[in-house]
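> Mind looking at a prediction? Sequence and model below.
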Amino acid sequence: MTDGVRKRTSRSLEFAGTLLAALAVAFGVRVFLVEPFRIPSESMLPTLRVGDHLFVDKLAYGARIPGSRLRLPALRDPERGEVVVFQVAVDGDRTFPADQRRDLPRQEFVKRIIGLPGDRIDIVDEVVFVNGEPLRFEANGEHFADGSGRALEIHRVALGERRFEVLDDPDARTRAGSFVVEDGRYFVLGDNRDHSMDSRFWGTVRREELEGPAVLLYWSWDFHGGWLDLLRPSSWWSARVRWERVGQGVH
C-alpha cells in the first residue's frame with residue numbers, strides 16, 4: 001500500500017469516525033435531553049400556533065430508555081400550569097389514554113396541566129375550578145383570530161404563580177363536568193378551550209406517558225402543510241417565518 005493510499009484511507013476512517021460520533025451525540029441528545037416537536041393544530045392558541053417548533057425537556061420527568069419501559073431518574077415532578085407533550089392512543093378521530101388502549105398506535109399531543117393527582121376539577125358556566133377554587137381570569141376586550149377567521153376573546157389566567165392566556169369562543173360553550181384526577185395521572189386542557197380535545201373528552205394522562213415540558217420555540221412559520229409538502233420547494237415561499245417568536249420560552 002502506497003503512502004497516498006494510506007493517507008486517503010486514514011482520512012476516510014477519521015471522517016467516518018467523526019460522523020459516527022456526531023450521529024451518536026445527536027441521537028443521545030434527542031433521546032435523553034431534548035426532543036423537537038411541531039405544533040399541528042390550533043388547540044393551544046394563543047400560546048402555541050400551527051407551525052411552531054419547540055423543544056421538549058426530556059430530562060425533567062426522566063427520559064425513557066429506548067427499547068424498555070425504564071426511565072432515567074426524574075429531576076422534578078410535573079407542575080400545575082406548565083405546557084407538556086405526552087402520548088395518547090388514536091383510532092381515526094378517536095383519542096384514548098395510551099395505557100388504556102395498548103393495541104392502538106400512539107401520537108404525541110401538547111396541552112397544559114391543570115389537575116395534579118388527587119385534584120378535583122369542576123367546569124361550571126365556562127369557569128374552571130381546581131379543588132373548589134376558580135381560576136382567576138381577566139378579559140380586556142382583546143381578540144385573537146384563528147385560522148377560520150373566528151374572533152376569539154383573550155382571557156388572561158392566573159394559576160398559582162403562572163400567568164398565561166386562553167381563548168373563549170362567545171359562540172360556543174365549554175364542556176361542563178366534574179372530574180377527580182386519579183393517582184399517578186394528570187388532567188390537561190388546551191388553551192383554546194372551546195376548540196380542544198383534551199381530558200374533558202378522553203380522560204387523564206398517566207405519568208409514564210408524559211414526555212416532558214415544552215421549554216423553547218426554536219422555529220416558527222405560518223405553514224399549514226404536512227411533512228410531505230416540505231419536499232416541494234414551491235411551498236417554502238408561501239410560508240411566512242414568524243421571526244418574533246423564534247427563541248421565545250413556552251409559558
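Looks like it arrived, so ask away.
> And the helices in the stretch 151-251 of the chain?
In order along the chain, the stretch 151-251 of the chain carries the following helices (DSSP state H, counting those that start in this stretch): 199-202, 233-236.
> least reliable of the ones you listed going by mean pLDDT?
Least confidently modelled of the helices of the stretch 151-251 of the chain is helix 233-236, at a mean of 60 by mean pLDDT.
> What are the contacting residues of the host helix or strand of residue 110?
Using DSSP states H and E, the element containing residue 110 is strand 106-115. By Cβ atoms under 8 Å, 6 or more residues apart in numbering, the list of residues contacting strand 106-115 from outside reads 37, 39, 43-44, 47-48, 78-90, 95, 98, 121, 128, 130, 159, 164, 179, 181, 186-191, 196, 198-199, 204, 211, 214. In this view, the C-beta of every residue, glycine as well, is placed from N, C-alpha and C.
> Could you tell me how many residues sit around the nearest residue to residue 118 once chain neighbours are set aside?
The shortest distance from residue 118 to any non-neighbouring residue, by Cβ to Cβ, 6 or more residues apart in numbering, is to residue 181 (6.3 Å). A count of nearby residues for residue 181, using other Cβ atoms under 10 Å, gives 21.
> Isn't residue 181 up against residue 131?
No: with contact taken as Cβ atoms under 8 Å, residue 181 and residue 131 are classed as non-touching, separated by 10.1 Å.
> Pull up the overlap in contacts between these two.
Residues touching both residue 181 and residue 131 (Cβ under 8 Å, 6+ apart) are 119-120.
> hmm, back to that, can I get the strand holding residue 110 in PDB? Just the C-alpha atoms.
Taking C-alpha atoms only, strand 106-115 is exported to PDB below (Å, rounded to 0.1, in the frame of the first residue of the first chain):
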ATOM      1  CA  ARG A 106     -49.600   6.300  19.600                       C
ATOM      2  CA  GLN A 107     -49.500  10.000  18.800                       C
ATOM      3  CA  GLU A 108     -48.000  13.000  20.700                       C
ATOM      4  CA  PHE A 109     -50.200  15.800  21.900                       C
ATOM      5  CA  VAL A 110     -49.400  19.000  23.700                       C
ATOM      6  CA  LYS A 111     -51.700  20.600  26.300                       C
ATOM      7  CA  ARG A 112     -51.500  22.400  29.700                       C
ATOM      8  CA  ILE A 113     -51.600  20.600  33.100                       C
ATOM      9  CA  ILE A 114     -54.500  21.800  35.100                       C
ATOM     10  CA  GLY A 115     -55.100  19.000  37.600                       C
END
